[in-house]
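Undergrad: can't give you the sequence, but here's the structure:
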């Protein structure tokens with residue numbers, strides 16, 4: 001049985017290409033989980049252990065988060081290695097939503113990049129304590145102190161160095177532990193032997209300077225250390241460790257480590273940091289909602305095995321033996337042969353096989369207890385479902401799911417592939433909440449939507465490899481939205497007389513831009529009916545009619561967002577009024593009101609970051625401005641320049657080719673969704689012409 005005090009559930013997250021998977025590979029090696037290190041783009045063609053998907057090994061990127069468990073310093077550590085590419089951001093969301101702590105990996109050269117900001121935002125969303133690891137200290141231009149400063153200034157974290165590098169770039173030799181004032185060197189073929197030594201010559205002053213900063217930061221959380229610090233007395237490692245741990249768990253302190261995973265230096269001290277400073281499952285507050293009758297109340301879950309079981313299915317995978325469901329157990333335990341209940345579907349499931357995962361390999365277990373991460377076979381569910389033992393009606397919060405910004409029309413090349421095509425789409429949409437599938441009734445096309453071109457390309461490629469389905473793919477389309485610019489009132493009467501009973505509904509109210517929206521809220525219905533002028537049973541019909549109508553705006557037929565619909569007037573007929581009559585009235589009133597409310601088309605704006613050699617900075621900025629981009633920042637370091645801009649997604653297709661030719665292939669870019677913004681009037685008119693005579697997307 002797990003000793004919870006020595007259990008850690010952690011994730012490894014970062015900007016793309018910061019070395020997360022390389023770092024995880026070293027962790028697996030030093031903890032004895034693997035006996036040979038493989039590189040992400042290794043010559044052996046085997047690929048890193050955690051990149052178990054063939055596509056991941058070919059492209060040298062992580063597409064799916066992968067789970068494993070290791071033992072370090074007598075601690076049981078569950079690790080999830082997550083993708084860095086923004087198109088697979090849901091993998092990071094679902095990992096962070098169930099983890100107790102995280103390692104934020106940063107490139108020692110590039111420092112805090114655009115995706116580092118996103119990962120930091122995700123960690124804050126789920127209140128995840130973290131360590132920072134400044135990687136790639138062997139690279140030309142690496143500077144741990146500059147990255148440390150960026151953590152404080154750009155991410156506004158109370159980041160404090162707990163070790164500092166000995167040398168940098170090709171002179172990087174090891175690290176100095178500021179707590180113990182010991183130099184650490186990493187000997188052996190793979191840096192597996194950690195050798196302690198005295199502080200090297202020329203570093204004494206630097207060590208005292210940075211140790212003093214560390215003590216000062218720790219003193220903010222403890223009066224006795226503050227007293228000693230002010231009086232110039234020595235503060236020991238033993239005195240600081242519990243204070244750093246407490247402050248880290250309370251999200252007030254971020255210990256910063258440095259090293260080079262690729263050169264096998266600095267990984268073991270960071271692992272010590274995981275066991276020393278990150279929380280065990282009992283030190284994290286997890287809440288669920290409990291339904292009793294018609295009321296729902298918030299309850300705090302306790303990490304104990306003898307309480308009613310509550311767990312979250314946070315990730316699904318279609319494995320060789322059927323659907324694999326990853327489960328984080330918050331309270332209670334699960335044994336082989338137990339019956340568990342899906343809180344959403346009320347379905348009862350029997351636990352047949354219970355396993356602990358190591359990338360794509362598994363180990364059979366008899367029982368999983370509170371605080372653990374395990375996987376089950378043969379359970380039919382969706383990502384985000386809550387499972388209980390049936391004793392309590394618990395439901396856990398669902399994870400944040402970003403909206404899709406791009407879509408393709410797809411169909412199989414051959415009708416004989418239709419069955420496999422449907423199976424693939426059904427599986428992918430179940431596994432990945434950001435991968436949306438729908439059928440467009442007007443064009444009879446299947447539409448897939450996602451977070452970016454790479455996201456959808458990976459699924460199309462997986463369809464070909466895993467389901468033997470060749471597809472015909474339409475041009476990528478932008479997921480536009482529509483909204484309104486001002487408040488208007490509406491009044492609409494729906495009257496239809498046929499043989500027998502007719503249809504009658506009258507409604508009145510206001511349509512306005514949504515005031516003070518909550519995160520993720522795009523539509524609000526206000527029921528202001530008094531005196532029974534519309535019977536209560538027809539008010540949901542009006543709401544439903546508005547919701548149907550908002551799926552297709554009046555300008556280009558895209559969904560309408562950020563609106564509030566108020567219903568405050570109307571009338572009904574004793575015989576002719578019905579659910580359908582009020583729905584029809586609401587749909588017609590919505591369209592009529594929207595035309596008068598200064599409708600506008602919104603387009604997804606992307607935050608684009610281009611890393612380029614300095615001499616191409618001007619050329620890069622020109623390529624972005626030409627695409628309606630607005631330059632929002634530029635930062636140079638060691639002959640390299642990072643240009644940041646906001647650019648409409650519609651203008652970013654085929655950008656990689658233009659960037660390659662403008663920079664002799666030496667620049668690369670990342671982009672992520674920032675927000676929706678109104679399109680210029682001239683472009684809105686072009687879009688209205690484009691979408692006028694074709695099925696709406």
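TA: Yep, that arrived. Being a predicted model, the structure only gives us computed values, none of them experimental. Numbering: from 1, shown residues only.
Undergrad: For the stretch 151-300 of the chain, which segments are assigned as helices?
TA: With DSSP state H, counting those that start in this stretch, the ranges of helices along the stretch 151-300 of the chain come out as 204-219, 223-230, 237-249, 267-277.
Undergrad: for residue 384, phi and psi?
TA: phi 100, psi 0 (degrees, to the nearest 10).
Undergrad: same question, the one 4 residues further on
TA: When read as degrees, to the nearest 10, the backbone of residue 388 gives phi -130, psi 180.
Undergrad: Touching, it and residue 341? I think so.
TA: Yes. Judged on C-beta atoms under 8 Å, residue 388 makes contact with residue 341 at a distance of 5.3 Å. Heads up, the C-betas are built off the backbone N, CA and C, glycines and all.
Undergrad: quick one, which of the helices of the stretch 151-300 of the chain is packed in tightest?
TA: Most buried of the helices of the stretch 151-300 of the chain, by mean neighbour count (mean count of other C-beta atoms under 10 Å): helix 267-277, with a mean of 21.
Undergrad: what's the single longest helix in this protein?
TA: Looking across the chain with DSSP state H, the single longest helix is helix 579-596.
Undergrad: elements contacting the helix or strand immediately after it in the chain?
TA: For helix 579-596, the succeeding helix or strand toward the C-terminus, using DSSP states H and E, is strand 600-613. Applying 3 or more C-beta pairs under 8 Å, 6 or more residues apart in numbering; DSSP states H and E, one finds that strand 600-613 contacts strand 481-483, helix 617-626, strand 640-648, strand 668-678, helix 681-692.
Undergrad: looking at the ones you listed, which is closest to residue 300?
TA: Closest approach to residue 300 among the helices and strands packed on strand 600-613 (C-beta to C-beta): strand 668-678, 33.9 Å.
Undergrad: Show me which residues of that closest one are buried.
TA: 669, 670, 671, 672, 673, 674, 676 (16 or more other C-beta atoms under 10 Å).
Undergrad: Now tabulate those in JSON lines and tack on distance to residue 516.
TA: Listed next are those as JSON lines, based on distance: C-beta to C-beta, whole Å:
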{"residue": "669", "distance to residue 516": "35"}
{"residue": "670", "distance to residue 516": "32"}
{"residue": "671", "distance to residue 516": "29"}
{"residue": "672", "distance to residue 516": "26"}
{"residue": "673", "distance to residue 516": "22"}
{"residue": "674", "distance to residue 516": "21"}
{"residue": "676", "distance to residue 516": "17"}
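Undergrad: Now for those: which two are most distant?
TA: The distance between the two most remote of the buried residues of strand 668-678 (C-beta to C-beta) is 21.1 Å, for 669 and 676.
Undergrad: What is the least confident helix or strand in the chain?
TA: Across the helices and strands of the chain, mean confidence by mean pLDDT, DSSP states H and E is lowest for helix 54-59: a mean of 48.
Undergrad: Helix or strand next in line after that one, which one?
TA: Downstream of helix 54-59, the first helix or strand assigned by DSSP H and E is strand 66-72.
Undergrad: Parallel or antiparallel, list what pairs with that next one.
TA: Next to strand 66-72 in the sheet, as set by DSSP bridges, lie strand 75-81 (antiparallel).
Undergrad: just how off-centre is the partner strand within its chain?
TA: 19 Å (C-alpha atoms, centre = their mean, to the nearest Å).
Undergrad: That one to helix 267-277, inter-axis angle?
TA: Relative orientation of strand 75-81 versus helix 267-277 (axes from the mean of the first three to the mean of the last three C-alpha atoms, to 10 degrees): 110 degrees.
Undergrad: Now residue 438: which helix or strand?
TA: According to DSSP H and E, residue 438 maps onto strand 436-440.
Undergrad: Can you get me a residue count around residue 173?
TA: 17 (other C-beta atoms under 10 Å).
Undergrad: Helices of the stretch 301-450 of the chain, start to end?
TA: 418-431.
Undergrad: shaky segments in it?
TA: 318-321, 358-360, 397-400, 441-443 (pLDDT under 70).
Undergrad: Now do the strands in it.
TA: For the stretch 301-450 of the chain, the strands defined by DSSP state E, counting those that start in this stretch occupy 310-319, 322-331, 334-335, 339-342, 348-350, 354-358, 361-364, 367-368, 373-377, 386-388, 394-396, 406-412, 436-440, 445-450.
Undergrad: Please render these as JSON lines that adds mean neighbour count and distance to residue 646 to the earlier fields.
TA: Formatted as JSON lines, the strands of the stretch 301-450 of the chain follow (neighbours: other C-beta atoms under 10 Å; distance: least, C-beta to C-beta, whole Å):
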{"stretch": "strand 310-319", "mean neighbour count": "23", "distance to residue 646": "32"}
{"stretch": "strand 322-331", "mean neighbour count": "23", "distance to residue 646": "36"}
{"stretch": "strand 334-335", "mean neighbour count": "18", "distance to residue 646": "47"}
{"stretch": "strand 339-342", "mean neighbour count": "17", "distance to residue 646": "42"}
{"stretch": "strand 348-350", "mean neighbour count": "13", "distance to residue 646": "46"}
{"stretch": "strand 354-358", "mean neighbour count": "20", "distance to residue 646": "39"}
{"stretch": "strand 361-364", "mean neighbour count": "12", "distance to residue 646": "43"}
{"stretch": "strand 367-368", "mean neighbour count": "21", "distance to residue 646": "45"}
{"stretch": "strand 373-377", "mean neighbour count": "22", "distance to residue 646": "38"}
{"stretch": "strand 386-388", "mean neighbour count": "24", "distance to residue 646": "38"}
{"stretch": "strand 394-396", "mean neighbour count": "22", "distance to residue 646": "35"}
{"stretch": "strand 406-412", "mean neighbour count": "20", "distance to residue 646": "17"}
{"stretch": "strand 436-440", "mean neighbour count": "14", "distance to residue 646": "25"}
{"stretch": "strand 445-450", "mean neighbour count": "20", "distance to residue 646": "21"}
